[in-house]
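Engineer: No letters, just coordinates:
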């Protein structure tokens, strides 16, 4: 049961306190696919210029990524470069060149239109609408966005929410979208506009799922070495949806486990530059980290505590 | 089995987006005691001026706080005033007047010297040393500190670590003390200098316990209304140690539960100004929040996930 994923397929140059990677694989669709294909096939839709090293995506194709929806156009690929600060929690964008991505209009290939799971990566909300216009009623639509669209295209974005089942965004974006600093209230504001579920990604602090009447926390995996935070949020979404698509179940228990799978794949993303850690990552590795998460969060409540007794 | 607690007993004036509280109860020892006495008696050592409304601490005395170690001196009590910003995550200190606290030298009353549990609130590390010089070998010494002492009294603080079993600090303080941005490495650096356990408090993001070979996460309780964040860290410490002192057990399972009790009492602290929420808080309320935490973190791992199968 493949997931249809539409997003950016980019070239990144990244500088961290630990090193520098020049012109490596990047973009929301690429990070998502690298993580999701550990569990489940992905159909990728995007656009690249004639400078793009499509061969470098081969390792994803080998494990179930269908890249036939990636258009190749004359011109430069979407290019982003950035530099992370000492603590890796803040970064400066050094350069963004949209290239062929500037005129991107997603065309969903016929065979992808019946996908039951859709992931709308962080692109213009109008394009996200256009993707949904081209697919048969999917079981699950998940969506990411960013401050740029929240500020500049709020109307299109809010109307998109009606068509989304799960919104996955970071904490600043949730607050900005709902114009409400309290996460519980902000996620309720969003859920009232469409998505049954809001997943708030908080980087090293983990993630929180807000649903109707319940909340679930996934911690961030405590890593000895965070090498490059780029793409962690998309890799979270990839693990989260990859797990759900694999099991094809959407009960609260499945969603809870999916959060842990997302947090695990997000943590693997930051261990190397670009999508490099996923080249050799196996489902068993992810399972092991999920098992560790259980040890890091499980506790018994059945001990009696008497007051001043 | 009372806990000996030494810290500031202060007067606070606080402004938040939701209101203003003038000259209310504050200080590390007061927030700690308000939370800990929900479970366990506390012996408080501190100093106040002749302006202090000692009667207002009566509700804590009624549930097991022994206030006979609070010296009353001629002069003004420690006064702090601050204003929280829109998102409540940042604040400006408007004024700090040390008053009689400037010359505070903790004198531990004879009956308190045999306490098995000691909490060293955030005061000068040299005074924290002096407290430990006056007590018989306690079972457990827990300690808080802040950036001010880390910057100005590093040597005294690092030598204090040798005498501490559990250091409870926030994430910025852990990083600053160890001069290391990675929390896992920073907490190891600290543990190599004495404390078996480092508890990192992260406000709304919860808390992490780092021990020898294991790690445990407590989420922050998702509150609809954060009224006043002042004292949440001390209230966390109060719930954490109050639980441990109540059960008098220090196994990993007990420490895990203690983290949840700390996170629960920390969350109650921010629901009202000052220690007001603790006036009516019962152990059963805390237990209920701990039970909710379990529902917010529990998940099953025994579902098989096959790779692209």
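Structural biologist: Thanks, I have the structure now. These numbers come from a predicted model, not from an experiment.
Engineer: Next one: residue A:59 from residue A:100, what distance?
Structural biologist: 23 Å (C-beta to C-beta, to the nearest Å). C-betas here are computed from N, CA, C, even on glycine.
Engineer: who has more neighbours, these two?
Structural biologist: Set side by side, residue A:59 and residue A:100 show more neighbours around residue A:100, with 22 against 17, by other C-beta atoms under 10 Å in any protein chain shown.
Engineer: Helix or strand: which one has residue A:127?
Structural biologist: helix A:125-134 (DSSP states H and E).
Engineer: Identify the residues contacting the most centrally placed residue in chain A.
Structural biologist: Among the residues of chain A, the one closest to the centroid is residue A:234, at 2.4 Å (C-alpha atoms, centre = their mean). Neighbouring residues of residue A:234 by C-beta atoms under 8 Å, 6 or more residues apart in numbering or on different chains: A:7, A:28, A:29, A:30, A:31, A:32, A:35, A:121, A:122, A:144, A:269.
Engineer: Quick check: which element contains it?
Structural biologist: Using DSSP H and E, the element containing residue A:234 is helix A:232-247.
Engineer: do the next helix or strand after that helix and chain B meet at all?
Structural biologist: The helix or strand immediately downstream of helix A:232-247 is helix A:252-269, counting by DSSP H and E. Yes - counting by C-beta under 8 Å from any C-beta of the partner chain, chain B has neighbours in helix A:252-269: A:253, A:256, A:257, A:259, A:260, A:261.
Engineer: Next step: the contacts of residue A:234 restricted to helices.
Structural biologist: Mapping the contacts of residue A:234 onto helices (DSSP state H) picks out A:28, A:29, A:30, A:31, A:32, A:35, A:269.
Engineer: Could you tell me how many residues sit around the last one?
Structural biologist: Right, the one you point to is residue A:269. 29.
Engineer: can you give me the helices in the stretch 101-250 of chain A?
Structural biologist: Per DSSP state H, counting those that start in this stretch, the stretch 101-250 of chain A carries helices over the ranges A:125-134, A:147-152, A:154-161, A:171-178, A:183-191, A:232-247.
Engineer: Find the one among the ones you listed with the highest mean neighbour count.
Structural biologist: Neighbour counts (mean count of other C-beta atoms under 10 Å in any protein chain shown) averaged over each of these peak at helix A:232-247, with a mean of 29.
Engineer: tilt between it and helix A:252-269?
Structural biologist: 140 degrees (axes from the mean of the first three to the mean of the last three C-alpha atoms, to 10 degrees).
Engineer: Distance from the chain centre to helix A:232-247, please.
Structural biologist: Chain-centre distance of helix A:232-247: 7 Å, with C-alpha atoms, centre = their mean, to the nearest Å.
Engineer: repeat for stretch A:180-188
Structural biologist: On C-alpha atoms, centre = their mean, the centre of stretch A:180-188 falls 21 Å from that of its chain.
Engineer: Please work out which residues outside that stretch touch it.
Structural biologist: With contact meaning C-beta under 8 Å, 6+ apart, stretch A:180-188 is reached by A:171, A:174-175, A:177-178, A:189, A:198, A:200, A:208, A:210, A:215, B:86-88, B:204, B:222-226.
Engineer: still on that earlier bit, pick the one among the residues of helix A:252-269 next to chain B closest to residue A:79.
Structural biologist: Closest approach between those and residue A:79, by C-beta to C-beta: residue A:261, at 30.7 Å.
Engineer: tally of neighbours for that closest one?
Structural biologist: 31.
Engineer: And it, what's its pLDDT?
Structural biologist: Residue A:261 is assigned a pLDDT of 98 by the prediction.
Engineer: which element is the residue nearest to residue A:70 when sequence neighbours are not counted on?
Structural biologist: Closest residue to residue A:70 apart from its sequence neighbours, by C-beta to C-beta, 6 or more residues apart in numbering or on different chains: residue A:46 at 5.0 Å. Under the criterion of DSSP H and E, residue A:46 resides in strand A:42-48.
Engineer: Pairing partners for that strand, with directions?
Structural biologist: Strand A:42-48 sits in its sheet next to strand A:3-6 (parallel), strand A:65-72 (parallel), going by DSSP bridges.
Engineer: Which stretch among these is buried most, on average?
Structural biologist: Counting by mean count of other C-beta under 10 Å, strand A:3-6 has the highest mean neighbour count of those, with a mean of 30.
Engineer: any idea of the mean pLDDT in it?
Structural biologist: Mean pLDDT, strand A:3-6: 98.
Engineer: right, and the helix or strand after that strand?
Structural biologist: With elements assigned by DSSP H and E, the helix or strand that comes after strand A:3-6 is strand A:10-16.
Engineer: Residues contacting whichever helix or strand comes after that following strand, please?
Structural biologist: Using DSSP H and E, the helix or strand that follows strand A:10-16 in sequence is strand A:19-26. Here strand A:19-26 makes contact (C-beta under 8 Å, 6+ apart) with A:8, A:10-14, A:53, A:56-57, A:80, A:227-228, A:230-231, A:273-276.
Engineer: Give me the subset of the residues you listed that also touch chain B.
Structural biologist: Near chain B, by the rule C-beta under 8 Å from any C-beta, you find none of the contacts of strand A:19-26.
Engineer: Those residues, buried ones only, as a ChimeraX selection?
Structural biologist: Applying 16 or more other C-beta atoms under 10 Å in any protein chain shown to the contacts of strand A:19-26 leaves a buried subset, and the ChimeraX line that selects it is:
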select /A:8,10,11,12,13,14,57,80,227,228,230,231,273,274,275,276
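Engineer: show me where pLDDT drops low in chain A?
Structural biologist: By pLDDT under 70, the low-scoring segments of chain A are A:302-309.
Engineer: can you do 50?
Structural biologist: In the predicted model of chain A, residues A:306-309 satisfy pLDDT under 50.
Engineer: measure residue A:39 to residue A:104 for me?
Structural biologist: Separation of residue A:39 from residue A:104 (C-beta to C-beta): 27 Å.
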